[in-house]
Each structure stands twice: as C-alpha cells, then as structure tokens.
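Peer 1: structure, please.
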Amino acid sequence: MSNFAGSNNTELLHASSEYIQYVTVVIGGQLFGLPISQVHDVFVPEKVTRVPLSPPEVEGVLNLRGRIVTAINMRRRLHLPPLDEDQSMMAVGIEYKSESYGLVIDSVGEVLNLPTHEREDNPSNLDWRWAEISGGVHRLEGQLMVILDVDSLLTTLIEPKAA
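Peer 2: Next up, the predicted model:
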C-alpha cells in the first residue's frame, strides 16, 4: 500500500509548474494518468460490500483504515469485460467533494513527470468511452496516455441526471 499524499519525496514537492506528475494505471490494456495531486493511496480492495440500487459501475463500499470508501469499477465504467477470475484487482484512492473513492483498476504503473505544454486535447478518434472521462492526452513513446478527469468521471456517476 502506498501513500502519495504524505510523500516526503523532494522531487514531488519541488516539481516545477511547467511539469505535472501523473500516477499511471492500466485499465483494459489502455494507459491512463491521474494527476498525482488527486491520488491519496494505492491499495488492494479486500472485502467490498455491494450497495443495493447503486449504479452498475459502483462495485460497493469498503473500509480503508477507518474510512468508508466507495469502490468504482473502472472496467464497468468503460464498458469493458471483467478481469479474469485469477487476476487480482488494485485500486487508487482519491477524494472528490469531501468523499473517498477507490477507482478499481487492472494495475498501477509508475509516476511520470511530464511537461504541461505537451498535453494535447482529445484526438477526434479517441474511443467515446475514454473521451467522456478524459482531460486530454500525452503521447508517450509508442503509446497514448489518456488523462483521467476525476470530475467528469464522478460527476456522471454521483450527481442526479436531469429529467
């Protein structure tokens, strides 16, 4: 289990405003980046309790060090097939509007320090499932990193839809 918010790493504390750091995660073979400022910890979800009448993307709730955390299944959110039974799930802990959430993902990668000027708008051919929760992209060597927009992701799940 890692705690990013309380890190003493001087590289994290002295990062220039010309760069932004991302915690990379993989969901369904696609690389995503979460701004490190939004990531509180990385953990393996233990016992998840289903919540009746919750949206299908809500895996349930769990207790993480005394906090109730809503677990969001990112594969379901992106309309992808579930993980194989033998694969263990990981989660990235974030805060949104004073509530704790765990984004259930396939795997966690590394922390990347990327120049802010290299961030691009979503390409017109970006899959709609990714585009609706993307805050742009970074082109890396041989792959595209989609920047996960936590506001877009959670607003569509937790705020009531207009009639």
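Peer 1: hey, let's count contacts and neighbours off CA atoms from now on
Peer 2: OK.
Peer 1: quick one, what contacts G136?
Peer 2: Going by Cα atoms under 8 Å, 6 or more residues apart in numbering, G136 touches 119-122, 146-147.
Peer 1: can you redo those as a markdown table with distance to G109, neighbour count and secondary structure?
Peer 2: As requested, these are exported to a markdown table (distance: Cα to Cα, whole Å; neighbours: other Cα atoms under 10 Å; DSSP: H, G, I helix; E, B strand; the rest coil):
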| residue | distance to G109 | neighbour count | secondary structure |
| --- | --- | --- | --- |
| R119 | 19 | 17 | coil |
| E120 | 21 | 14 | strand |
| D121 | 23 | 14 | coil |
| N122 | 22 | 18 | coil |
| V146 | 14 | 27 | strand |
| I147 | 14 | 26 | strand |
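Peer 1: would a markdown table of the residues you listed with pLDDT and distance to N73 be doable?
Peer 2: Shown next, in a markdown table, are those (pLDDT from 0 to 100; distance: Cα to Cα, whole Å):
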| residue | pLDDT | distance to N73 |
| --- | --- | --- |
| R119 | 94 | 26 |
| E120 | 94 | 26 |
| D121 | 94 | 25 |
| N122 | 91 | 23 |
| V146 | 95 | 17 |
| I147 | 96 | 17 |
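Peer 1: quick one, strands of this structure?
Peer 2: For the chain, the strands defined by DSSP state E occupy 2-3, 19-27, 30-35, 39-43, 58-64, 67-73, 90-96, 99-105, 107-115, 134-140, 143-148.
Peer 1: what is the last one packed up against?
Peer 2: Packed against strand 143-148, as judged by 3 or more Cα pairs under 8 Å, 6 or more residues apart in numbering; DSSP states H and E, are the following elements: strand 30-35, strand 134-140.
Peer 1: with only the CA atoms kept, save it in PDB.
Peer 2: C-alpha atoms of strand 143-148 as PDB (Å, rounded to 0.1, in the frame of the first residue of the first chain):
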ATOM      1  CA  GLN A 143       1.600   4.700 -26.600                       C
ATOM      2  CA  LEU A 144      -1.000   7.200 -25.700                       C
ATOM      3  CA  MET A 145      -1.700   8.100 -22.100                       C
ATOM      4  CA  VAL A 146      -5.300   9.300 -21.500                       C
ATOM      5  CA  ILE A 147      -5.500  11.800 -18.600                       C
ATOM      6  CA  LEU A 148      -8.300  10.700 -16.300                       C
END
